Every structure is written in C-alpha cells, then in structure tokens.
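> Have a look; sequence and predicted model below, questions after that.
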Protein chains: 2
Amino acid sequence: MNEPLERLVNSFRSLPGVGLKTAQRYAYFIIQSTDEIAHDFAESIIDAKKKIKYCKKCGDYTDQDICYLCQSRNPEIICVVTEPKDVRVMEKVKNFNGVYHVLHGTLSPLDGRGPDDIRIKELLQRIQQDGTKEVIMATNTDVEGEATAMYIASLLKPLGIKVTRIAQGVSLGSDLEFADEITLTKAIDNRVEL
Amino acid sequence: MNEPLERLVNSFRSLPGVGLKTAQRYAYFIIQSTDEIAHDFAESIIDAKKKIKYCKKCGDYTDQDICYLCQSRNPEIICVVTEPKDVRVMEKVKNFNGVYHVLHGTLSPLDGRGPDDIRIKELLQRIQQDGTKEVIMATNTDVEGEATAMYIASLLKPLGIKVTRIAQGVSLGSDLEFADEITLTKAIDNRVEL
C-alpha cells in the first residue's frame, strides 16, 4: 500500500533480532531524519560493503591489505579467535600487545566442517614466517570451541610453539551461587596459589 | 582504525534504542551479507526518503498525494491520532472503516506547543469539506493526549459534530491486580450494562 515504507521496514527486519515493531521504529526514524542523515546512512552501507575485506594475514575485517593491528603489534604472540567480532571483544584487554588470527568458524564434524574449512593452514604459514613464540587459544568455551583449541594445540606443540588457553573460572564480581557446575570444576582445577 | 566499519557502526548507533553492541551486530550482518542485499538495503533508505511524504488530507506518510486510506475509506468518520505510527496501531482494529487524521503532536503549553502547532486547522477544513459525522479522538491517554482530545472536542461540538473518545478501562486478558488506580476508576465510571 505504501511500497517505499514497507520496503524500508523489510530492510530493517532483515537485521538480526529485529521484529516488526522495532523495524517500524527504525523506519520512522529514517523518514523523520534530514535528507543528509538518511543519505549518509545509505552511503555508509555501500561504502563499508565496498571497502571492507579480510586482512591477508589475520582474517579480520579491514579496509587495507594488512590490518592496522597486524602492522603495528608484536607478531610473536598470536591470539586465535573464531569470528572477527571476537577481535573487538578481546581488544578490551588493555595490556595485550600481540596479534590475532581469525579462524572464521570452528571444527564441527556434525556440520561437516573439518580443518580445511577454517583458517588453520593460514595460521601454520604465519607461524613459520613470523617466528611466533606463543599461540593463545581464545575460541569459545563450548564443545566446538574446546575441540578446535585442542586440535590446533596438537598441531602446534610438535613445532615447539607454546600453546596456551584463556583461563576458565568464575567471573569477577559475580555471585558464586550463579556459576554452573562445569565452570566451578574448572575454577577448582585451575586454582592458583595466593 | 577501520574507518568504513566505524562509520557503518555509527550509522546504526544513531537509530533509536541502539547501543554499541547491537550496532556492531547489525554492521557485521551487513558486511557478511551479499552485495545485492547491502545495496538493496541502502537503496530502500534513499528511496523511502525520496518518495515518502505527508498525505495532503490526513497527514499520514504516503508515496502519493492522497494516501490509499483517504482514497478508499468512509470519510464520514475520522479517527484523530497523534503520530503516523498510531495509524498503524489503530489499523489493527479490523472493522473500522473510517479515515484518519494525524495531528503530528499534542497541545503542550509547557513546551510552547499551541493549537497552531499541530494539524487542528486542517482537521476543521476536512470536516467542512467532507461532511464528517463523527470524530473519534484516539490521542494517547496521558495528560497531553487528554487535554488535546478535550480541546478539539470543544471546537467540534458547536459545529454539531459527534465527538467520541476511545474507551478507557482494564485491558483484556490482564489481571485486575496490575491495573492502576486511574484505569480502575475509569473502568468503573464507564461500566456497561450486561
């Protein structure tokens, strides 16, 4: 009935987690904003889609051939993550000065994803080229993330590389009673001396 | 650092109720989608902004001079609402066959919004042109919405127009204990015989 409006609402509905009401709210915001803001919005989508590609080294999103993190940081320590968004998450750690490697997935035999389907080959190449000393496995702590970390560790250890896993235990500032059994077991297993 | 990505995230952050994490999630969705989907998204924004304007009769958003509701429905009953989005809300009522009038705001002396700042003049013109028999006030039930409804009623009644207000009472399917005092008072005052 009002085709341009419906089309705009449908665009917003395609975003993850957005239902009809939220999409309408976004659409009305666009319609009520100035021409300049709306054009800027549209242009930022086109521009990002055109310019953003994978970093040739780490596989994170970048608008250059080699991303600024790979260019500026210590290549001797590589933090391995599953998705580009995990790089943003890990970057909250202020005193980490190493680089990243994005696998773009986890091993998942049930879904038919094997070692050749994620960026393991590229990781091995980098390690040989850059004289890497330590690889920190920061894959998720679910079954697939754990299995991927274990598999990569089994490949790297024979090469004499130090492979570590991010610590698992109770969250800081959280109430013990809300921690699950497996987390508590890990917290006991990995206890440190005071 | 990654300017196109940051720009895209900032675009999404400008939407109502969207914080950094949600904006990043939307941005990654765009980057991971196909070129076609991304261009379609951007185009739907430009297109809506270009084509959508106010209906010359009711003030709702439309891509034509007179919106399809004004063209196809019974003009003898006008439902007065505050914002274009309220038309979508009222359209859930399946057996309403009248037209709408969007005020684009409420009277609010504290904010300096008087009768000339909302579309009251246009309402009076329509009523005289279209032989309107009834005006249903469906402004919000807050203080400003009530005051606006009362003010417009006081203008229309001398013209011999029937002015009604949407019923106020307890919601259907809700538990009585959650209804507030004012709603309960209205529910008693407006009780109907069974």
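Alright, I've got the coordinates.
> For the spatially most central residue of chain A, which three-state class applies?
Residue closest to the average C-alpha location in chain A (CA atoms, centre = their mean): A:D86, at 2.5 Å. At A:D86 the chain is in helix, as set by DSSP: H, G, I helix; E, B strand; the rest coil.
> what residues are up against it?
A:102, A:138 (CB atoms under 8 Å, 6 or more residues apart in numbering or on different chains). No exception for glycine: its C-beta is placed from N, CA and C like everyone else's.
> Contacts made by stretch A:174-183 with the rest, please.
A:168-171, A:184, A:187.
> in the helix or strand hosting A:A42, what counts as buried?
Here A:A42 sits within helix A:35-51, counting by DSSP states H and E. For helix A:35-51, a neighbour-count test (16 or more other CB atoms under 10 Å in any protein chain shown) marks A:37-49, A:51 as buried.
> all helices of chain A, in order?
Remark: helices assigned in chain A by DSSP state H are A:3-13, A:20-32, A:35-51, A:68-72, A:84-90, A:120-130, A:143-156, A:181-189.
> about what we covered before: which of the buried residues of helix A:35-51 lies closest to B:T132?
Distance ranking of these against B:T132, using CB to CB, places A:A38 first at 35.3 Å.
> In contact with the closest one, which residues are there?
Residues near A:A38 by CB under 8 Å, 6+ apart: A:30, B:45-46, B:48-49.
> Domain map for chain A?
Domains of chain A are assigned by automatic domain parsing as A:3-51, A:56-193.
> For the longest strand seen in chain A, the averaged confidence score.
Counting residues, the longest strand found in chain A (DSSP state E) is strand A:74-81. Per-residue pLDDT over strand A:74-81 has a mean of 94.
> Can you give the strand pairings for it, parallel or anti for each?
When pairs are called by DSSP bridges, strand A:74-81 turns out to pair with strand A:98-102 (parallel), strand A:134-137 (parallel).
> Please point out which parts of it sit buried.
By 16+ other CB under 10 Å, the buried positions in strand A:74-81 come out as A:75, A:77-81.
> any idea of the angle it forms with helix A:143-156?
Interaxial angle, strand A:74-81 versus helix A:143-156 (axes from the mean of the first three to the mean of the last three CA atoms, to 10 degrees): 140 degrees.
> circling back: how about the buried residues of helix A:35-51 in JSON lines, adding pLDDT?
Formatted as JSON lines, the buried residues of helix A:35-51 follow (pLDDT from 0 to 100):
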{"residue": "A:I37", "pLDDT": "95"}
{"residue": "A:A38", "pLDDT": "96"}
{"residue": "A:H39", "pLDDT": "96"}
{"residue": "A:D40", "pLDDT": "96"}
{"residue": "A:F41", "pLDDT": "96"}
{"residue": "A:A42", "pLDDT": "97"}
{"residue": "A:E43", "pLDDT": "96"}
{"residue": "A:S44", "pLDDT": "96"}
{"residue": "A:I45", "pLDDT": "96"}
{"residue": "A:I46", "pLDDT": "96"}
{"residue": "A:D47", "pLDDT": "95"}
{"residue": "A:A48", "pLDDT": "95"}
{"residue": "A:K49", "pLDDT": "94"}
{"residue": "A:K51", "pLDDT": "95"}
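> In TSV, list those along with distance to A:L124.
Shown next, in TSV, are these (distance: CB to CB, whole Å):
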residue	distance to A:L124
A:I37	47
A:A38	47
A:H39	46
A:D40	43
A:F41	42
A:A42	42
A:E43	40
A:S44	37
A:I45	36
A:I46	36
A:D47	34
A:A48	31
A:K49	31
A:K51	29
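> Give me the neighbour count for A:Q128.
9 (other CB atoms under 10 Å in any protein chain shown).
> quick one: pLDDT of it?
90.
> I'd assumed A:V99 was in contact with A:P75.
Yes - counting by CB atoms under 8 Å, A:P75 sits close enough to A:V99 to count as a contact (5.4 Å).
> so where is chain A shaky, pLDDT-wise?
Low-confidence segments of chain A (pLDDT under 70): A:1.
> Could you pull up the residues touching the spatially closest residue to A:G105 that is not a sequence neighbour?
The shortest distance from A:G105 to any non-neighbouring residue, by CB to CB, 6 or more residues apart in numbering or on different chains, is to A:I118 (4.4 Å). Residues in contact with A:I118 (CB under 8 Å, 6+ apart) are A:103-107, A:148.
> Quick check: phi and psi at A:I118.
Backbone torsions of A:I118, given as degrees, to the nearest 10, read phi -120, psi 170.
> which residues are contacting stretch A:187-194?
Under the criterion CB under 8 Å, 6+ apart, residues A:167-170, A:179 lie in contact with stretch A:187-194.
> Can you tell me which of those is nearest A:N2?
Proximity of those to A:N2 (CB to CB) peaks at A:A179, which lies at 51.3 Å.
> Tell me how far that closest one lies from chain B.
23 Å (CB to the nearest CB, to the nearest Å).
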